[in-house]
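Participant: quick one: sequence and predicted model below, then my questions.
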Amino acid sequence: MNNRPFDLLSLGELLLRLSPSANERLVRGDTFQKQVGGAEMNVAVGASLLGLHTGVITKLPANDMGNFIKNKIRSYGISDDYFVYDNSQNARLGLYYYEYGAYPRKPKVIYDRKNSSFYSISEQEFPEEMYKATTCFHTTGITLALCPETRKTAIDMMKRFKASGTIISFDVNFRGNLWTGDEAEACIREILPFVDIFFCSEDTARLTFHKTGTVKEMMKSFTEEYPISVLASTQRVVHSPKSHTFGSIVYDAARDEYYEEEPYRNIEVIDRIGSGDAYIAGALYGLLSSGGDCMKAVQYGNAASAVKNTIPGDLPTSDLEEINTIIKEHNQKGPQSEMSR
């Protein structure tokens, strides 16, 4: 497996994000900032910044908007080897609008992605060698939820990557505007027998999978039902749109051990979008770079998520040096310098 060219390939839709400036409202602002978004891409970018070789599997319109996305991806060092393009007359890029929140007004997301080019993605559009090209394959419940075609493609790819000896990573990433909790539970239970690394928040475990008990009991119950090796559960406390506390627990099924650390408290939130994906990027980096060290997954996941909250846009920007510094300072006691210089 070590001779595979990629450490991580992720499957997902790439979106155009449009946001009014600062705390302007969608109903009032006249200008938008243009950015790139997409959960699976966010993971690939975050992991690449930390040092993994990553790529995205996706489908884009064969027009200027598709080229804009491709160029942005390349600028982050992410491979576009597995981009396919839609040359049809109806080719379009999915987009979403994001409005920043300020207490008591919550952040707001409006999607305009239905019937984008990604909705027609098919397993037949990709080469056979792709399934032996990566150590780890990652996707999310968003891709499963979009439409029957993306669901079939994701499940088929998951099975084929698994058969080739690839580590399968999956994030529930439940979105109530895409499917119901019952639909999500039924579909995800179908793919859990193929999942090695499972990301599921405490709230999702309770609301979507109807789990009960403590967070540790719920995590262990998944590994008793399915052959999951590692399960990570994030825990976010939202004090206000601009102040969060973030931590996580990682469970190693083979060792029957839980790993956690002191959470990052009172994070100054600039933009929370993509912070969950940054956690996954950090956790996967910790696991893949260390041969499965779950404590490193906790440390890198928590740090990557905490600092992403302080950065505007979907994408993280922290490299390994910055994240290592944040981890070191998080574990220090006593006075610290208030500036890096």
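Facilitator: It's in. This one's a predicted model, so the numbers in the text were calculated from it and none came from an experiment.
Participant: quick check: phi and psi at the residue lying closest to C200 once chain neighbours are set aside.
Facilitator: Ranked by CB to CB, 6 or more residues apart in numbering and with sequence neighbours excluded, the top spatial neighbour of C200 is V172, at 4.8 Å. For every residue, glycine as well, the C-beta is placed using N, CA and C. When read as degrees, to the nearest 10, the backbone of V172 gives phi -60, psi -50.
Participant: show me what contacts V172?
Facilitator: 140-141, 184, 188, 198-201, 204, 208 (CB atoms under 8 Å, 6 or more residues apart in numbering).
Participant: show me what T134 is bridged to.
Facilitator: F6 (DSSP bridges).
Participant: ok, it - contacts?
Facilitator: Residues near T134 by CB under 8 Å, 6+ apart: 4-9, 55, 161, 166.
Participant: now the contacts of V172 in JSON lines, with distance to R28?
Facilitator: Output for those, formatted as JSON lines (distance: CB to CB, whole Å):
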{"residue": "T140", "distance to R28": "33"}
{"residue": "G141", "distance to R28": "33"}
{"residue": "A184", "distance to R28": "35"}
{"residue": "I188", "distance to R28": "39"}
{"residue": "F198", "distance to R28": "42"}
{"residue": "F199", "distance to R28": "37"}
{"residue": "C200", "distance to R28": "38"}
{"residue": "S201", "distance to R28": "33"}
{"residue": "T204", "distance to R28": "34"}
{"residue": "T208", "distance to R28": "35"}
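Participant: among those residues, which one lies nearest to D314?
Facilitator: Using CB to CB, T140 is the member of the contacts of V172 that lies nearest D314, at 13.8 Å.
Participant: bridging residues for that closest one?
Facilitator: For T140, the beta-bridge partners are D171 (DSSP bridges).
Participant: please, where are all the helices along this structure?
Facilitator: Using DSSP state H, the helices of the chain run over residues 39-50, 64-75, 141-146, 148-163, 181-191, 202-207, 215-225, 275-290, 294-308, 320-330.
Participant: make CSV out of those and add mean neighbour count.
Facilitator: Output for those, formatted as CSV (neighbours: other CB atoms under 10 Å):
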stretch, mean neighbour count
helix 39-50, 27
helix 64-75, 16
helix 141-146, 25
helix 148-163, 18
helix 181-191, 16
helix 202-207, 18
helix 215-225, 16
helix 275-290, 27
helix 294-308, 26
helix 320-330, 15
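Participant: let me have those helices in CSV, adding distance to K132 and mean pLDDT as columns.
Facilitator: Converted to CSV, those look like this (distance: least, CB to CB, whole Å; pLDDT from 0 to 100):
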stretch, distance to K132, mean pLDDT
helix 39-50, 19, 96
helix 64-75, 23, 94
helix 141-146, 21, 95
helix 148-163, 9, 97
helix 181-191, 20, 94
helix 202-207, 32, 91
helix 215-225, 27, 96
helix 275-290, 17, 96
helix 294-308, 25, 97
helix 320-330, 27, 95
